[in-house]
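Trainee: for reference, the sequence and a predicted model appear below.
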Amino acid sequence: MVGHPLTPRLGPVTQSNGDTPEALLSSVEHLRVAATSVRLPLALPGVEDARDSRRAMVQQLDDYVLPRLRAVDAPLLCVVGGSTGAGKSTLVNSIVGEVVSTTGVLRPTTRSSVLVHHPDDERWFTDDRILPGLSRSTGSAAANSSPTSVRLVRSTSLPAGLALLDAPDIDSVVRANRDLSRQLLNAADLWLFVTTAARYADAVPWALLREAAERGTSVAIVLDRVPPDAMEEIRLHLSQMLGEQGLGTSPIFTIPELVLDSSAMLPTKHTGRLSGWLTSLASDSKARSVVIRRTLSGALSSLSDRAVDLTDAANAQVQARDYLRAGARTAYDEALNGVNAGMEDGSLLRGEVLARWQELVGTGEFLRQIEAGIAKVRDRVTSFLRGQAPSTEPLGEALQTGAAALVTSHAQVASSTAARGWRASPGGEPLMAKHPGLAKGSSDLNERVERLLRDWQKEVLDLVRDEAGSRRTTARYLAFGVNGLSVMLMLLAFSATGGLVGAEVAIAGGSAVLAQRLLEAVFGDQAVRTMARKARVALLLRVEKLLAAERARFEHVLDEVPVSLAAIEEVEAALAEVEGAR
Ligand SMILES: Nc1nc2c(ncn2[C@@H]2O[C@H](COP(=O)(O)OP(=O)(O)OP(=O)(O)O)[C@@H](O)[C@H]2O)c(=O)[nH]1
Ligand SMILES: [Mg+2]
C-alpha cells in the first residue's frame, strides 16, 4: 500500500548514486577480505577495542550488509528488541496469533531467538544467508533454547516479505543474551523497540537507540503497558526524548496496560495498528525499500568509520613495531661505538697486557735503550731477540682476553639496554615476556667472541706475513717471528691514535710506541700505519657482524609480528571502492 500514513515517518534515505548493486557488493566483499587480513598482534593500548570493533564490523557484514546486498528481494527482517520483561515475546505472540515464543515471569525469559516468517519465505531463512554464526532449529521452544541457534517458526499470520524475530533482552544480566541481542539488532532491517511506561527512560535502551539514530537504522517504538490515564503524557514525553536523540521520525505504537487472560496475549484491537503497519511494509515495495535502504546506508557508514578505526589501529601497530626495531638498533649501534672507543682509548693496553708487555721487553733497561735513540732500535731489537727469543704468546693471550671482555661486555649491555627499552615501549612487554632470553647476550656469546678474536688474529697474521713476504730485506727480522710481529700489530691496533695524555702515554702508550718502533724498524712507518689501520678495521668489521647477529635475535621476534602496510593499503583501497559504489 503506497503512501501508508506511517511510512514517511521513517525519514529521509540516502539515494544510491546509480552504481549497480553488484559493484557495491563486490567492493564490500573486498572490504571484508581486506579487513580480516589486517593483523593487530601487538598489545598496544586500545588494541582490544580495535579487535572488538573489527570483529563487530565483520559480523555486521556477514549478518546484515552482505546478505542484504546479495538478496535485495529477501524478506524484511524486523527484530523485536528491548529490556527484559518489556513484553517482547508477548507482543510477537500476539501479532502472530499463537504462542511462538515462551513468555514468563522469570527474568530473563527469552534466551535464544525465534524467527517467525510466512511459509513462502522459508527458503530465505533455512540456509545461512543471514546470521551464519547461528544454527537453525524448527522444533518446540522447550526443545531449543540454545543462544547459538535460531528457532524458525512458519506462520500465515505474517505477510510474506516480512519476518519477525523475537530477541533476548538487550540489558540482560546474562552476557550471552546481551551479545546475542546486539548481534540480532545489527542484522535487522528494522528495529522494533519494545519498552514500557515504567522503563522507557532506562539508560541501556537509549544508548542503543542513540547508536541506531547515529547510524541511520530504521527504528519503530512500541510503548507497552501504559496506564490509560497517563497515555498522552507519557507518549508525548517519549516522543520528545526520541526527537532529542535524532529519532524524531520513528513511529510510536502504544499499548495500554491490560490484564492478560489465560492465553497471555494482547487483544487484536491493541496490536492492530502495529500489525497493519508491518503488513503495509511487507506489501509496499517502495515503503519496504525505503526502510531497507535507510538501514543499509547507515550500516555502510558505520562500516566506513570502523574501517578507518581499523587502519588507524593497524598503522599504530606498524609504528610500534618500527619503534621497537629502532630501539634495538640504537642499543647495538651504541655497542659498536663503545667497542670502537674502547679500542682507541688505550684502555686495553693497561693491566694484564701491560704486565705481559713488560715481561716481554724486560723492565726499565730495554725501554731506556729504546729511548737512547731510534736509530739504534734495529740493533737493540736484534740483540734482544738473539739473546732471549722470548715468547709473545702471553702478551697475545692477554690482548685477546682484554679484547674479548671489551666486545662481550658491550654486547651484553646492548641486549639488556634493548630489552629494557622494549619493556618500556608500547607493545614490547609481552614480547619480552615471551622471549626473556633477549635480555642477555646469546648463550654462546663467549665462544663466538673468542672465535671472532682467533679469526681476527689469523687475519692479522696474514697481514704481517703478506707484508713480510713482499720485502726481501726483512728476512733477518723474521727471526722475531711472524707471530711476534702480529702480536705487536694487534697491540698497535688497540693503541690510542691521539687520545692518551700525560702519564697514560708513559704507561699504556709507551708499550704501543715501542711496538710501533719495532714494526717500523721491520716494515717502515708507512706500511705500519696502513697495517695498523687495516687490522683495526678488520676487527671492527667482525665485531659489527657479531653485534648484527646479536641484534638479529630482536629482529627475528619483530619479523614474526605480522603487521603490514600493504594490508592497511588494501583496506583503504576497498573502502574507497565502497564509497565510490554507494
Ligand atoms: N498485565 C500485562 N502483562 C504483560 C503484558 N505484556 C507482557 N506481560 C507479562 O510480562 C511478563 C514478561 O513478558 P515477556 O513477553 O516474557 O517479556 P519479554 O520482553 O519477552 O522478556 P524477556 O524474554 O525476558 O526479554 C510475562 O509474564 C507477560 O505475561 C501486558 O501488556 N500486560
Ligand atoms: Mg522474551
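Mentor: Structure received. Ligands and ions are numbered 1, 2, ... in the order given.
Trainee: in the stretch 151-300 of the chain, what residue lies closest to ligand 2?
Mentor: D166 (6.0 Å; CB to the ion). Heads up, the C-betas are built off the backbone N, CA and C, glycines and all.
Trainee: list the contacts for that residue?
Mentor: V80, K88, S89, V92, V100, S101, T110, S113, V114, L115, V116 (CB atoms under 8 Å, 6 or more residues apart in numbering).
Trainee: what do you get if the cut-off is 6 Å, keeping everything else the same?
Mentor: V80, K88, S89, V92, S101, V114 (CB atoms under 6 Å, 6 or more residues apart in numbering).
Trainee: neighbours of the second one, how many?
Mentor: Summarising burial for K88: neighbours were counted as other CB atoms under 10 Å, giving 30.
Trainee: my guess is it meets C78, correct?
Mentor: No: here K88 does not reach C78: they are 11.8 Å apart, not a contact under CB atoms under 6 Å.
Trainee: that older thread, can I get the contacts of D166 in CSV with secondary structure, pLDDT and distance to V528?
Mentor: Putting the contacts of D166 into CSV (DSSP: H, G, I helix; E, B strand; the rest coil; pLDDT from 0 to 100; distance: CB to CB, whole Å) gives the following:
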residue, secondary structure, pLDDT, distance to V528
V80, strand, 95, 94
K88, helix, 93, 95
S89, helix, 93, 98
V92, helix, 96, 98
S101, coil, 88, 98
V114, strand, 93, 95
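Trainee: in a markdown table, list the residues you listed along with distance to ligand 2.
Mentor: Shown next, in a markdown table, are the contacts of D166 (distance: CB to the ion, whole Å):
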| residue | distance to ligand 2 |
| --- | --- |
| V80 | 9 |
| K88 | 5 |
| S89 | 3 |
| V92 | 8 |
| S101 | 6 |
| V114 | 9 |
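Trainee: ligand 1 next: which of those residues are close?
Mentor: K88, S89 (CB under 6 Å from any ligand atom).
Trainee: name the residues of the stretch 1-150 of the chain found near ligand 1, please.
Mentor: Counting by CB under 6 Å from any ligand atom, the residues of the stretch 1-150 of the chain near ligand 1 are 84-90, 103-105, 107-110.
Trainee: how about the helices in the stretch 101-250 of the chain?
Mentor: 122-126, 175-186, 203-215, 231-244 (DSSP state H, counting those that start in this stretch).
Trainee: buried set for the longest one?
Mentor: What it means is helix 231-244. Of all the residues in helix 231-244, those buried under the rule 16 or more other CB atoms under 10 Å are M231, I234, R235, L238, S239, L242.
Trainee: ok, stretch 129-141 next?
Mentor: I130, L131, L134, S137, A141.
Trainee: before we move on, what about stretch 76-92?
Mentor: 76-92.
Trainee: now the end-to-end length of it.
Mentor: 16 Å (CA to CA, to the nearest Å).
Trainee: quick revisit: so which of the buried residues of stretch 129-141 are in strands?
Mentor: S137 (DSSP state E).
Trainee: of the buried residues of stretch 129-141, the lowest pLDDT goes to which?
Mentor: Checking pLDDT across those, the minimum falls on A141 at 65.
Trainee: so how far is ligand 1 from A581?
Mentor: To ligand 1, A581 is 38 Å away according to CB to the nearest ligand atom, to the nearest Å.
Trainee: okay, now that residue: neighbour count?
Mentor: Counted with other CB under 10 Å, A581 comes out at 19.
Trainee: in terms of contact, does it touch S27 like I think?
Mentor: Yes: if you go by CB under 6 Å, A581 and S27 touch, sitting 4.8 Å apart.
Trainee: interface residues of the stretch 1-150 of the chain facing ligand 2?
Mentor: Counting by CB under 5 Å from the ion, the stretch 1-150 of the chain comes close to ligand 2 at K88, S89, T109, T110.
Trainee: try it again at 6 Å.
Mentor: By CB under 6 Å from the ion, the part of the stretch 1-150 of the chain that sits against ligand 2 consists of K88, S89, S101, T109, T110.
Trainee: nearest to W357, of these?
Mentor: T110 (90.9 Å; CB to CB).
Trainee: contacting residues around the nearest residue to that closest one once chain neighbours are set aside?
Mentor: Spatially, and ignoring its direct neighbours in sequence, T110 is nearest to P168 (5.0 Å; CB to CB, 6 or more residues apart in numbering). Going by CB under 6 Å, 6+ apart, P168 touches T110, R111, N177, L180, S181.
Trainee: could you dump those to a markdown table with pLDDT and neighbour count?
Mentor: Conversion of the contacts of P168 to a markdown table gives the following (pLDDT from 0 to 100; neighbours: other CB atoms under 10 Å):
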| residue | pLDDT | neighbour count |
| --- | --- | --- |
| T110 | 80 | 26 |
| R111 | 78 | 17 |
| N177 | 80 | 21 |
| L180 | 84 | 26 |
| S181 | 83 | 27 |
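Trainee: of all those residues, which comes closest to T126?
Mentor: Closest to T126, out of all of these and judged by CB to CB, is L180, at 19.7 Å.
Trainee: local confidence estimate at the residue nearest to D171 when sequence neighbours are not counted?
Mentor: Take D171 and drop its neighbours on the chain: the residue closest to it by CB to CB, 6+ apart is V204, 3.7 Å away. The per-residue pLDDT reported for V204 equals 82.
Trainee: what about V204, neighbour count?
Mentor: 15.
Trainee: please shift the residue numbers so they start at 533 in all later answers.
Mentor: Yes, from this point I'll number from 533; that puts the last item at V736.
Trainee: measure it to D701 for me?
Mentor: Note on V736: its distance to D701, by CB to CB, to the nearest Å, is 9 Å.
Trainee: G636 now?
Mentor: From G636 over to D701 (counting by CB to CB), the distance is 12 Å.
Trainee: quick revisit: turn the contacts of P700 into TSV, including distance to A951.
Mentor: Converted to TSV, the contacts of P700 look like this (distance: CB to CB, whole Å):
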residue	distance to A951
T642	53
R643	49
N709	45
L712	44
S713	46
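Trainee: ok, these vs L995, which is closest?
Mentor: L712 (76.8 Å).
Trainee: quick one, what contacts that closest one?
Mentor: By CB under 6 Å, 6+ apart, the neighbours of L712 are P679, P700.
Trainee: same check on R731?
Mentor: S615.
Trainee: phi first, then psi, for it.
Mentor: phi -120, psi 10 (degrees, to the nearest 10).
Trainee: S948 belongs to a strand?
Mentor: No: assignment of S948 by DSSP: H, G, I helix; E, B strand; the rest coil gives helix, placing it outside any strand.
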